[in-house]
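Participant: Sequence plus the predicted model coming up.
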Amino acid sequence: MWYLFILNIVFLQPIHILSLNETCWPTANNLTCVLNDLLYGYNKQLRPNHSGDPLQVQVYLMIITLGPIVELDMSFTMNLFFRQVWTDERLTLPNKISNVAVSTKLLSAIWKPDTYFLNSHSGYLHTTPTLNHLLRILENGRLLYSSRLTIKAYCSMFLRRYPLDVQTCSLILSSYAYGTRDVIYDWKVDEHNGVELERLKLSQFDLFSYKISKREIRLTDRNHSVLQLDLRMRRSVGFYVLQGYIPAGLLVILSWISFWIDSEATADRVYIGITSILSLTTLALDIRSHIPAVPYITAIDSFFIICYLFLLASLLQYTAVHRHLEYGHAINHTGGMDGLCKSSKQQNMPIKSRSANLIVVRSSRRRKRRSLKHARRSTFTVVAQGLHFLRRKAPLHKLDRLARIGFPVLFVLCNCIYWYIFIFYTSD
């Protein structure tokens, strides 16, 4: 009898269906209940307002580091905070709750933009010590997703003025699957205009300006909204001055030492010229190894070509001097043969005449000896004799005298023209 009464009470009582909030209230706090309620029936496969106007996604970049910038593969690397803001009315919080940071596990349960970088080689999300990203729910269903990324992107470089060049490296982003009918990107309008640079210091470049823009491009069968950040950087020329320009100029100056060497010292002068050319070739190859094999002449190549021409000109100058000296020696040799013929004729003179000549020669030698003894007493005469001795031991050609002045003047003039063209005249 009692069993029937108990069963009657149990089965005849109305069944009360608990809502999601009422289910989680006894075991969780208010925020968890709200989030569970928001995600109840949420379809992450559909974008917010999928049947209405395109979704507006605002982008904000905070660049922490920039570099290295590599010319060989024309790429640059940057470390940045990448932030996206969009509105999803399905995740609107109650009025009393706003600006809530939630667990990133919620990202796998909601819709988020499929943003990618068009010109990136590679990239990764930082995971030290944990995943460096966050999700924050703002007022009226606005969502903020921030992540710390390192991106290696392609940078199209024009190296005709290298290393006196100015380069523009761009970072381009868009949606991978959604066209302009579904998602439109825009820069977040604030005091930084969507981009904040955190005191960037580069080793080889100086970042002096940046530019943001937005446009549409045609990909496959639809238009895509694209944001672009252009970073304008001027190369620091100090390294190349110390490692390229100054050594090349010193090699040219070193080749001018041959103009002060004896004109008949063929081995010494040729050795200086050949050594200078080989050293300049090694220096040019080392500088050229830092840039790709471009099909045009760069600015530093032009300077090396000027140095090569001066080194080659110094060798050609000595070649002309050497040929002129050989021609002079040939004339002297002919004159010597004539002198031998005259001496043979003098041997047939009578003995008396020859003895008289000997007496005259001896008397002249005595007078010369007396004059030399008198000259030694004067310091000026001693210096004059030393200079005469040096001139006799190291004969100087007229072309060497001209080269001592002409080569430095012409080299300075070429440098003035070179630096004027590549610094003041050629525009960026």
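Facilitator: That came through, no problem.

Participant: burial measure for residue 284, as a count.
Facilitator: 19 (other CB atoms under 10 Å). (Glycine included, C-beta is placed from N, CA and C.)

Participant: what's the helix or strand for the residue nearest to it when sequence neighbours are not counted?
Facilitator: In this structure, residue 284 finds its nearest non-sequential neighbour in residue 304, 4.6 Å apart by CB to CB, 6 or more residues apart in numbering. In the assignment (DSSP states H and E), residue 304 maps to helix 299-346.

Participant: do residue 32 as well
Facilitator: Here residue 32 is assigned to helix 30-39, by DSSP H and E.

Participant: And that helix, how far out from the chain middle?
Facilitator: Using CA atoms, centre = their mean, to the nearest Å, the mean C-alpha position of helix 30-39 is found 53 Å from that of the whole chain.

Participant: Can you tell me which helices and strands the helix or strand just after it packs against?
Facilitator: Next helix or strand after helix 30-39 toward the C-terminus (DSSP H and E): strand 55-70. Contacts defined by 3 or more CB pairs under 8 Å, 6 or more residues apart in numbering; DSSP states H and E place strand 55-70 against strand 75-87, strand 166-175, strand 183-187, strand 195-197, strand 205-219, strand 222-235.

Participant: Could you pull up the mean pLDDT of strand 55-70?
Facilitator: Taken as a whole, strand 55-70 carries a mean pLDDT of 92.

Participant: give the contact list for the residue nearest to residue 291 when sequence neighbours are not counted.
Facilitator: Counting by CB to CB, 6+ apart, residue 291 lies nearest to residue 71, which is 4.7 Å off, once chain neighbours are set aside. Under the criterion of CB atoms under 8 Å, 6 or more residues apart in numbering, the contact list for residue 71 reads 157, 159, 162, 290-292.

Participant: Try it again at 10 Å.
Facilitator: Residue 71 makes contacts with 155, 157, 159, 162-163, 165, 167, 204, 235, 290-292, 294, as judged by CB atoms under 10 Å, 6 or more residues apart in numbering.

Participant: how much space is there between it and residue 242?
Facilitator: Relative to residue 242, residue 71 is positioned 18 Å away (CB to CB, to the nearest Å).

Participant: Between the two ends of stretch 120-130, how far is it?
Facilitator: From the first residue to the last, stretch 120-130 extends over 24 Å; the measure is CA to CA, to the nearest Å.

Participant: for it, the distance to its chain's centre please.
Facilitator: Distance, centroid of stretch 120-130 to centroid of chain: 25 Å (CA atoms, centre = their mean).

Participant: Can you give me the buried ones in it?
Facilitator: residue 120 (16 or more other CB atoms under 10 Å).

Participant: Show me the contact partners of it.
Facilitator: Residues from elsewhere that reach stretch 120-130, judged by CB under 10 Å, 6+ apart: 73-79, 82, 104, 116-117, 131-133, 147-154, 171-173.

Participant: Please pick the buried ones from these.
Facilitator: Applying 16+ other CB under 10 Å to these flags 74-79, 82, 117, 133, 147-149, 151-154, 171-173 as buried.

Participant: picking up where we left off before, out of the helices and strands packed on strand 55-70, nearest to residue 97?
Facilitator: strand 75-87 (16.6 Å; CB to CB).

Participant: Now do the closest one, average pLDDT.
Facilitator: Throughout strand 75-87, pLDDT has a mean value of 94.

Participant: got it, and stretch 195-205?
Facilitator: 84.

Participant: Report the distance from that stretch to the chain centre.
Facilitator: 15 Å.

Participant: Equivalent analysis for stretch 116-124, please.
Facilitator: With CA atoms, centre = their mean, you get 21 Å for stretch 116-124.

Participant: what about residue 167, distance to residue 267?
Facilitator: On the measure of CB to CB, residue 167 and residue 267 end up 48 Å apart.

Participant: That should have said residue 223, apologies.
Facilitator: Distance of residue 223 to residue 267, computed by CB to CB: 74 Å.

Participant: More neighbours: which of residue 167 and residue 267?
Facilitator: Higher neighbour count among residue 167 and residue 267: residue 167, with 22 against 7, using other CB under 10 Å.

Participant: Identify each buried residue in the helix or strand where residue 399 lies, please.
Facilitator: Taking DSSP H and E as the definition, residue 399 sits inside helix 398-419. Neighbour counts over helix 398-419 (16+ other CB under 10 Å) mark 399-400, 403, 407, 411, 414 as buried.
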